[in-house]
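*Asks:* Give me coordinates for this.
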Amino acid sequence: MKIGVVGGGQLGRMLGLAGLPLGFQFRFLEPSADCPAARLGEVIRAPYHDMDGLERFAQDLSFATYEFENVPAETAQWLSERLTLAPTARALSIAQDRIAEKTTFRDLGIPVQNFAGISSAGEIEAAVLKVPLPAVLKTRRLGYDGKGQRVLRVGSTDAASTVRTAWNELGKVPCILESFVAFSAEVSMIAVRARNPGHGASIAFYPLTQNEHRDGILWKSQAPAPCDQSGELAESARAHVRTLMESLDYVGVIAVEFFVTDAGLVANEMAPRVHNSGHWTTDGAVTSQFENHLRAVGTMPLGSTECHGASVMINLVGRSPIASRILEIPRAKLHLYGKGPRPGRKLGHVTLTGPTAHSLAAPTAELERLVAWDL
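*Replies:* Reported below is the predicted structural model:
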């Protein structure tokens, strides 16, 4: 079975690594000449909107998916009209637009903060009346890893002027103004939904994962989430994500990020793909998020999401420490993406897995001391 993946980055690479033992073959559509996924299958080197490249990419594919959510809408639509694309173009379009995303959450009864759209300078006053400062201004599209956003606090100038300045700095593009959320932790729920012929839809959930960020980039993930000793947050997250997947008739892995507040969970954003906060599943679960995504896309039965205890994942950003130093740490598994060093660039990650969270405390502290980020 040949699966096409739009994008040849590290997520495409990890999909390939998970799929080859199952007998999958891969073709990647990727503009870069030397991408992380290049050794895992055929690469069609072309821009994502190039029609000749798309024709060559789609030829004789069984299914197609994508490894990042900024795939051009026209590309997703073109592919969906010619073969089975999962997740759907609709899920992709919602995730690409923060207004559509927040509106979808709200309409489904998934808690979100107050928000307002800003497409022109004339809409700023009304937005500030609906969403007073402190707030966060984000571009409606293309923001990731902390890019394309500004945290706005009450200052010496009036709120409208503060927002106007930030909007100018972001390029005067369509934005969303969101109420600032006072949260105690950030968590993500990773789930997978398959639609198997003759067997209906099946859904599987991984444990709730607690995440820490530095300068907007994911630094560390812990599973199960230490902040959820009672399991109530995981139960709530599963219910919200189930509602979302069923409403979209979703197929594949999805990640939904939440803020933990005194009032419960508040949804932040969704990623219609395998997700950085689920990288620990490769070493810490019976079936990784990557394998389960391929199983779902390829209409195969889902694998068990049961875990081998507790897991920690730390990203390597900017520069990679000496591999031998990392591998000296008990329980450490190193995953490098084959990318050259560059400030702010994700070069790999390290996972630690043990029977309990307590068993990982010492090796995690050692790893944190060793890993230095170059942002």
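
*Asks:* wait, isn't residue 351 in contact with residue 335?
*Replies:* Yes. If you go by CB atoms under 8 Å, residue 351 and residue 335 touch, sitting 7.1 Å apart. Every residue, glycine included, has its C-beta placed from N, CA and C.

*Asks:* Could you verify my assumption that residue 366 touches residue 326?
*Replies:* No. Shown here, residue 366 and residue 326 do not form a contact pair, counting by CB under 8 Å, at 9.6 Å.

*Asks:* Compare the two (neighbour count), which wins?
*Replies:* Each of residue 366 and residue 326 had its neighbours counted (other CB atoms under 10 Å), and the higher figure belongs to residue 326 (21 against 17).

*Asks:* Low-confidence ranges, the stretch 251-375 of the chain, go.
*Replies:* In the predicted model of the stretch 251-375 of the chain, residues 374-375 satisfy pLDDT under 70.

*Asks:* Which parts of it are helices?
*Replies:* Secondary structure of the stretch 251-375 of the chain, counting by DSSP state H, counting those that start in this stretch: helices at 281-284, 289-297, 323-327, 361-370.

*Asks:* what does the stretch 1-150 of the chain give?
*Replies:* Taking DSSP H, counting those that start in this stretch as the test, the helices found in the stretch 1-150 of the chain are 10-19, 51-58, 73-80, 89-96, 98-107, 124-130.

*Asks:* Following the chain onward from the longest strand along the chain, which element is next?
*Replies:* Criterion DSSP state E: the longest strand present in the chain is strand 185-196. The helix or strand immediately downstream of strand 185-196 is strand 200-205, counting by DSSP states H and E.

*Asks:* Return the angle between stretch directions for that next one and strand 185-196.
*Replies:* Counting by axes from the mean of the first three to the mean of the last three CA atoms, to 10 degrees, strand 200-205 points 160 degrees away from the direction of strand 185-196.

*Asks:* What is strand 200-205 packed up against?
*Replies:* strand 185-196, helix 232-248 (3 or more CB pairs under 8 Å, 6 or more residues apart in numbering; DSSP states H and E).

*Asks:* The following helix or strand past it pairs with which strands, and in what direction?
*Replies:* Per DSSP H and E, strand 200-205 leads on to strand 209-214 as the next helix or strand towards the C-terminus. As defined by DSSP bridges, the strand partners of strand 209-214 come to strand 185-196 (antiparallel), strand 217-223 (antiparallel).

*Asks:* what about strand 209-214, distance to the chain center?
*Replies:* Relative to its chain's centre, strand 209-214 lies at 12 Å (CA atoms, centre = their mean, to the nearest Å).

*Asks:* got it, and stretch 38-57?
*Replies:* With CA atoms, centre = their mean, you get 23 Å for stretch 38-57.

*Asks:* What lies in contact with that stretch?
*Replies:* Contacting residues not belonging to stretch 38-57 are listed as 4, 6, 8, 12-13, 16-17, 20, 25-33, 35, 37, 71-72, 74-75, 78-79, 338 [CB atoms under 8 Å, 6 or more residues apart in numbering].

*Asks:* So what's the residue count around residue 369?
*Replies:* Using other CB under 10 Å, residue 369 is surrounded by 8 other residues.

*Asks:* what does the one 4 residues further on give?
*Replies:* Here the number of neighbours of residue 373 (other CB under 10 Å) works out to 16.

*Asks:* measure it to residue 218 for me?
*Replies:* 11 Å (CB to CB, to the nearest Å).

*Asks:* from memory residue 26 sits against residue 1, does it?
*Replies:* No. Using CB under 8 Å, residue 26 makes no contact with residue 1, being 10.1 Å away.

*Asks:* Among the two, which residue is more densely surrounded?
*Replies:* residue 26 (22 against 15).

*Asks:* The closest residue in space to the more buried one that isn't next to it in sequence: how many residues sit nearby?
*Replies:* In space, and not counting its chain neighbours, residue 26 is closest to residue 41: 3.1 Å by CB to CB, 6 or more residues apart in numbering. For residue 41, the count of nearby residues is 22 (other CB under 10 Å).
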